[in-house]
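Participant: Dropping a prediction and its sequence here:
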Amino acid sequence: MGQTLAEKILSHKAGRPVGAGELVVVEVDQVMVVDSIAGSFFKRLEYLEATPRYPERVSIVIDHVAPAANLEVAKAQKEIREWGKRHGIRVFDVGRGVCHQVLIEEGLAQPGWVVVGSDSHSTTYGAVGAFGTGMGATDIALAAASGRTWLRVPESVKVVFRGRLPKGVTAKDAALEMVRLLTAEGATYMAVEIHLLDGAEALTRGERMTLANLTVEAGAKAGLVVPSGEILEMYRVPDWLYPDPEARYAKEVEIDLSALTPRVSVPFYVDNVHEVAEVKGKRVDQVFIGTCTNGRIEDLRAAAEVLRGRKVAPWVRLLVVPASSQVLEEAARDGTLLTLLEAGATIGTPGCGPCMGRHMGVLAPGEVCVSTSNRNFRGRMGAPDAEIYLASPRVAAASAVAGYLTTPEELEEVHA
Ligand SMILES: CC(C)[C@H](C(=O)O)[C@@H](O)C(=O)O
Ligand code: SF4
């Protein structure tokens, strides 16, 4: 019988063929813990009277509130450092970047691996063909202690992206369109298996990360992009990790990239996706470019391209938070950073930044933010009535200049 990519990976790990619905216990290749969950993770291990079975397979990332915003966080981060030293566990400290970006950069997610993270966007590892999934502190502690985890093999949804993106349309627009079509619960506990065909294979690793990242906003257990294009050059992809024409899917969705237009997700639900044209003109107070969804060098470059020679509207705060130290370094080296600064951007420490409203750009009541992140839930970035519009870095940059929601193309019209 044909197998989906999720079934293939979990079969390989289980050492026997398994299908959707079966329970399996599998070896875990990497356990990722974020700062905000680390305290609970330590407590669970203590309760189990256990320590990580394979220390080299565990990583802790200090990214969500970094640098520490208050005394409580500072103490928690101190504990992370000390605990890491005591147990020989890798700790990526303040400034290294957002967990998912860091793990990919460090090669700690590989095609065919199982990676479990204490963070819902662990689906991002699917960009390189890893089965990445988010779990709570208890499951994460058990995975670290035993080196294994149990899973119900998920059913899969097949999402086919065809063709090439038109100029000015990005992987973020494609990802938002995918969530709109699947809906917020449409892929609950399923693997979203993404096929890139007829030119879409050209999508970069970063663009694939954007797609895999957003699958969890449709409820996905994992988001697996079929390895192709540059992934085949960058990684050793196991020969069994290819799509199977006989595989069975719970449903199939097709998206023609060549017909796509810029998209925006309107508060307060990620699947409330519209064309930018429909909400154009909405006045904006803050623009945030960054996160595990869109804080990579290509995202900063795309924003810089729009911002070059222009100034941010006087009433707008433009916050740029590179997804990692590597991204920041590259942006400094190639001039992107200067372009952003000249336009009026302020740059934050690589990490999550204001994405979840803990620090570095909390929204006041009634404020409106255009963000390149992945969640626009009520209260996510601060005040319950503050509004978050999710968009691509290009649309975010154009909106910062205009002071209202718009695309770079429409902005040109205004300035012409
Ligand atoms: C803090 C963390 C557990 C949380 C998540 O699981 O996703 C955060 O990263 C988020 O994006 O809301
Ligand atoms: S950048 Fe945002 S979505 Fe990504 S891990 Fe951090 S808080 Fe979560």
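Facilitator: All right, it came through fine. Numbering: from 1, shown residues only. Ligands and ions are numbered 1, 2, ... in the order given.
Participant: pLDDT of the helix ranked longest in the chain, averaged?
Facilitator: Once the chain is assigned using DSSP state H, the helix that runs over the most residues is helix 71-87. Taken as a whole, helix 71-87 has a mean pLDDT of 98.
Participant: Check stretch 175-184 too.
Facilitator: Stretch 175-184 shows a mean pLDDT of 98.
Participant: returning to that earlier point: and the very next helix or strand once past the longest helix of the chain, does that touch ligand 2?
Facilitator: Proceeding N to C from helix 71-87, the next assigned helix or strand is strand 90-92, under DSSP states H and E. No - residues of strand 90-92 contacting ligand 2 under C-beta under 6 Å from any ligand atom: none, with a closest distance of 12.9 Å. All C-beta spots, glycine's among them, are computed from the backbone N, C-alpha and C.
Participant: Show me which residues of strand 90-92 are buried.
Facilitator: 91-92 (16 or more other C-beta atoms under 10 Å).
Participant: Spell out which residues belonging to the chain are near ligand 2, please.
Facilitator: Near ligand 2, when you scan the chain using C-beta under 6 Å from any ligand atom, you find 64, 98-99, 119, 121, 291-292, 352, 355-356, 373-374.
Participant: In strands, which of those residues appear?
Facilitator: Among those, no member falls in strands (criterion: DSSP state E).
Participant: Filter these down to the ones in helices?
Facilitator: Using DSSP H, the residues of the chain next to ligand 2 in helices are 99, 291-292.
Participant: how about those residues in a markdown table, adding pLDDT?
Facilitator: Compiled in a markdown table, those are given as follows (pLDDT from 0 to 100):
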| residue | pLDDT |
| --- | --- |
| 99 | 99 |
| 291 | 99 |
| 292 | 98 |
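Participant: can you pull the buried residues of stretch 163-176?
Facilitator: Residues of stretch 163-176 classed as buried: 163, 165, 168-176 (neighbour count, 16+ other C-beta under 10 Å).
Participant: Equivalent analysis for stretch 231-251, please.
Facilitator: Using 16+ other C-beta under 10 Å as the test for burial, stretch 231-251 gives 231, 235, 237-238, 241, 243, 247, 249.
Participant: roughly how far out does it sit from the chain middle?
Facilitator: Relative to the chain's own centre, stretch 231-251 is displaced by 21 Å; criterion: C-alpha atoms, centre = their mean, to the nearest Å.
Participant: and if you look at stretch 271-283?
Facilitator: That offset, for stretch 271-283, works out to 22 Å (C-alpha atoms, centre = their mean).
Participant: Convert the C-alpha atoms of stretch 389-404 to CSV, please.
Facilitator: Taking C-alpha atoms only, stretch 389-404 is exported to CSV below (Å, rounded to 0.1, in the frame of the first residue of the first chain):
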residue,chain,number,x,y,z
TYR,A,389,-2.9,42.1,10.1
LEU,A,390,-0.6,39.3,8.9
ALA,A,391,1.2,39.9,5.6
SER,A,392,4.4,39.5,3.6
PRO,A,393,7.5,41.6,4.3
ARG,A,394,6.9,43.5,1.1
VAL,A,395,3.3,44.5,2.1
ALA,A,396,4.5,45.2,5.6
ALA,A,397,7.3,47.6,4.3
ALA,A,398,4.9,49.3,1.9
SER,A,399,2.4,49.8,4.6
ALA,A,400,5.0,51.3,6.9
VAL,A,401,5.8,53.9,4.2
ALA,A,402,2.2,54.7,3.4
GLY,A,403,1.0,54.6,7.0
TYR,A,404,-1.9,52.5,5.9
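Participant: and that stretch, is it in reach of ligand 1?
Facilitator: No - shown here: stretch 389-404 not in contact with ligand 1 (C-beta under 6 Å from any ligand atom), separated by at least 12.5 Å.
Participant: for that stretch, what is the average pLDDT?
Facilitator: Mean per-residue pLDDT for stretch 389-404: 98.
Participant: Off-centre distance for it?
Facilitator: In terms of C-alpha atoms, centre = their mean, the centre of stretch 389-404 is set 19 Å apart from its chain centre.
Participant: Kindly report the same for stretch 125-145.
Facilitator: Averaging C-alpha positions (C-alpha atoms, centre = their mean) puts stretch 125-145 14 Å from its chain's average.
Participant: start at 18 instead
Facilitator: All set: I'll call the first residue 18, so the last point we hit is now stretch 142-162.
Participant: For that stretch, could you pull out the residues that count as buried?
Facilitator: Those would be 142-152, 154, 156-162, for stretch 142-162 by 16+ other C-beta under 10 Å.
Participant: With adjacent residues omitted, what lies nearest to the residue of the chain found nearest ligand 1?
Facilitator: Nearest residue of the chain to ligand 1: residue 137, at 3.6 Å (C-beta to the nearest ligand atom). Excluding the flanking residues, the one nearest residue 137 by C-beta to C-beta, 6 or more residues apart in numbering is residue 151, at 4.2 Å.
Participant: Can you name the residues that contact that neighbour?
Facilitator: Contact partners of residue 151, counting by C-beta atoms under 8 Å, 6 or more residues apart in numbering, are 133-140, 233.
Participant: Bridged to it, which residues?
Facilitator: Using DSSP bridges, the beta-bridge partners of residue 151 come out as residue 134.
Participant: Poorly predicted segments of the stretch 18-167 of the chain, please.
Facilitator: The stretch 18-167 of the chain contains no residues with pLDDT under 70.
Participant: can you give me the strands in it?
Facilitator: 40-44, 47-51, 75-78, 107-109, 131-134, 148-151, 165-169 (DSSP state E, counting those that start in this stretch).
Participant: where's the shortest one relative to the chain centroid, distance-wise?
Facilitator: The chain centre lies 20 Å from the centre of strand 107-109; the measure is C-alpha atoms, centre = their mean.
Participant: Which elements pack onto that strand?
Facilitator: Using 3 or more C-beta pairs under 8 Å, 6 or more residues apart in numbering; DSSP states H and E, the elements in contact with strand 107-109 are strand 75-78, helix 88-104.
Participant: any idea which of those is most buried?
Facilitator: Highest mean neighbour count of the helices and strands packed on strand 107-109: strand 75-78, a mean of 26 (counted as mean count of other C-beta atoms under 10 Å).
Participant: mind saving the C-alpha coords of it as PDB?
Facilitator: The C-alpha coordinates for strand 75-78 follow below in PDB (Å, rounded to 0.1, in the frame of the first residue of the first chain):
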ATOM      1  CA  VAL A  75      18.500  18.300  23.200                       C
ATOM      2  CA  SER A  76      18.700  22.000  22.500                       C
ATOM      3  CA  ILE A  77      17.400  24.900  24.500                       C
ATOM      4  CA  VAL A  78      16.900  28.300  22.900                       C
END
